[in-house]
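[1] below is the sequence, then the predicted model.
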Amino acid sequence: MAATTSRSPINPLYSQIQNPNPNPSFTLKLVKGRCRTPLRASSTSNNNEKNQAIELQKLMQGYPYEFTSKDSPISLPRPLTSAQLSNLGSEGSRLRVAYQGVRGAYSESAAEKAYPNCEAVPCEQFDTAFEAVERWLVDRAVLPIENSLGGSIHRNYDLLLRHRLHIVGEVKLAISHCLLANHGVKIEELDRVLSHPQALAQCENTLTKLGLVREAVDDTAGAAKHVAFHNLRDAGAVASITAAKIYGLDVLAQNIQDDSDNVTRFLMLAREPIIPGNDKPFKTSIVFSLDEGPGMLFKALAVFAMRNINLTKIESRPLQKQALQTLDESVIGFPKYFPYLFYVDFEASMADERAQNALGHLKVFSPS
């Protein structure tokens, strides 16, 4: 999906995306408080790094190809590791989108839904996907931020602060888990099942009834790949039907999750923000810390309520490297433990005067 990016004359964190999906666009802004970790992304690239990068295909020449199944010799690229990032380039006409996992992961489907006809690039870890965008090795990243059953993906909340990227959109993907096994294997022959911990938790009732021992691995598609490539006869995998097709596995059961309303929300990340407007629904994300005191969070959230701005998400995370604050013995009171960062999503564009006034008011309680 093509997107036009530019730097805002107001603040470099404002961004807009031309998204054909009905989901609202995102902006990301840091409200400064005790945490001074910047969320801004540089608007210029390092030309030397770009010139030194090489094509993904060149990197893959150094690896033996992997196969989708014993009957279908279709080559698959290995996920990128941090050590391999410097050997990749982001040249070419197709938009290159990083995701975490291997082929057949739900994140790959989310990337293709967010950016149709993109070149989806598998990455070994969430950190690797962030780095790939920052270093101009790919154009975008699509990463999970929360699931309707499992809740928030805390790792990615922390990485948003650690890396210099902008949220430019979101996409929601319905998750449908399947029980997969090698050809000829029946459910009653299985002793154990492999998958991501969240997928196993989401299918707990079904797996308990089947009497299967659960084994956690890094991702759902990786579980399917492991079962197929090692031709396991006593183990199955919980993964998508797409993973079954890629790795040549049989689908023993579909929709085995305990709750059919299983949706994961993914963030679309880019190096450059897009200036927000008022021509379409917008969602804005901010992160801030607060001074200690009674009712401080209530006062912070009230700046949105008094301007009729709807909040869609609030998340708290410990302020790293400041986990324990001791109180002077001469001061009466309790010691302060675990200062927090607060992540908030609200429905308004930063081009909206109400949002600008709300954030200006918020700074009263979150001083820089």
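    That came through, no problem. Residues are numbered from 1 along each chain as shown.

[2] neighbours of L311, how many?
    L311 is flanked by 12 other residues according to other C-beta atoms under 10 Å. Every residue, glycine included, has its C-beta placed from N, CA and C.

[3] count the neighbours of the residue nearest to it when sequence neighbours are not counted for me.
    Leaving out its chain neighbours, the residue that sits closest to L311 by C-beta to C-beta, 6 or more residues apart in numbering is F346, at 5.0 Å. A count of neighbours around F346, defined by other C-beta under 10 Å, yields 22.

[4] bridging residues for F346?
    On the basis of DSSP bridges, F346 is bridged to T284, L311.

[5] give me the number of residues near the residue nearest to A181 when sequence neighbours are not counted?
    Spatial nearest neighbour of A181, excluding adjacent residues (C-beta to C-beta, 6+ apart): G236 at 4.3 Å. Neighbours of G236 under the rule other C-beta under 10 Å: 31.

[6] how about the one 5 residues further on?
    The criterion is other C-beta under 10 Å. On that basis, I241 has 16 neighbouring residues.

[7] now do the helices in the stretch 151-300 of the chain.
    Per DSSP state H, counting those that start in this stretch, the stretch 151-300 of the chain has helices spanning 154-162, 197-202, 204-210, 220-229, 241-247, 296-305. These are given in chain order.

[8] ok, now which ones touch V217?
    Shown in contact with V217 (C-beta atoms under 8 Å, 6 or more residues apart in numbering): L194, S195, H196, A223, H226.

[9] looking at the residues you listed, which gets the smallest pLDDT?
    Going through those one by one, the lowest pLDDT turns up at H196, 93.

[10] what's the local residue count around that one?
    By other C-beta under 10 Å, 23 other residues sit near H196.

[11] dump the C-alpha coordinates for stretch 257-266 into PDB.
    What follows is stretch 257-266, C-alpha atoms only, in PDB (Å, rounded to 0.1, in the frame of the first residue of the first chain):
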ATOM      1  CA  GLN A 257      -9.600 -21.900  20.200                       C
ATOM      2  CA  ASP A 258     -11.800 -21.700  23.300                       C
ATOM      3  CA  ASP A 259     -13.300 -18.400  22.300                       C
ATOM      4  CA  SER A 260     -14.200 -17.800  18.700                       C
ATOM      5  CA  ASP A 261     -13.900 -14.000  19.100                       C
ATOM      6  CA  ASN A 262     -10.100 -14.100  18.800                       C
ATOM      7  CA  VAL A 263      -8.600 -11.000  17.200                       C
ATOM      8  CA  THR A 264      -5.000  -9.600  17.200                       C
ATOM      9  CA  ARG A 265      -4.300  -5.900  16.600                       C
ATOM     10  CA  PHE A 266      -1.100  -5.200  14.700                       C
END
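
[12] contacts for it?
    The contact list for stretch 257-266, computed with C-beta under 8 Å, 6+ apart, reads 106-107, 110-111, 114, 142-149, 170-177, 202-206.

[13] what comes up buried for it?
    Of all the residues in stretch 257-266, those buried under the rule 16 or more other C-beta atoms under 10 Å are Q257, N262, T264, R265, F266.

[14] the residue nearest to A181 pairs with what?
    V193.

[15] can you name the two of the contacts of V217 that are farthest apart?
    Within the contacts of V217, H196 and H226 form the most distant pair, 12.1 Å apart (C-beta to C-beta).

[16] show me where pLDDT drops low in the stretch 251-368 of the chain?
    Scanning the stretch 251-368 of the chain for pLDDT under 70 picks out 320-338, 367-368.

[17] shouldn't S316 be in contact with Y340?
    Yes - assessed by C-beta atoms under 8 Å, S316 is found in contact with Y340 at 4.6 Å.

[18] would you mind telling me which of the two has more residues around it?
    More crowded of S316 and Y340, by other C-beta under 10 Å: Y340, with 17 against 14.

[19] and the buried residues of stretch 257-266, which is closest to P294?
    Among the buried residues of stretch 257-266, and counting by C-beta to C-beta, the member closest to P294 is R265, at 33.2 Å.

[20] ok, now how distant is the closest one from R96?
    R265 is 22 Å from R96, where distance means C-beta to C-beta, to the nearest Å.

[21] what are the boundaries of the strands in the stretch 101-250 of the chain?
    For the stretch 101-250 of the chain, strands defined by DSSP state E, counting those that start in this stretch occupy the ranges 119-123, 140-147, 151-152, 166-174, 178-181, 192-195, 213-216, 235-239, 250-254.

[22] which of those strands comes out lowest on mean pLDDT?
    strand 151-152 - the lowest mean pLDDT of these, at a mean of 90.

[23] contacts for that one next, please.
    Outside strand 151-152, the residues that reach it (C-beta under 8 Å, 6+ apart) are I145, E146, E315.

[24] ok, now with 10 Å
    Residues from elsewhere that reach strand 151-152 (C-beta atoms under 10 Å, 6 or more residues apart in numbering): P144, I145, E146, Q198, R265, K313, E315, S316, R317, Y343.

[25] isn't the residue nearest to L311 up against A358?
    Yes - using C-beta atoms under 10 Å, F346 is in contact with A358, at 8.0 Å.
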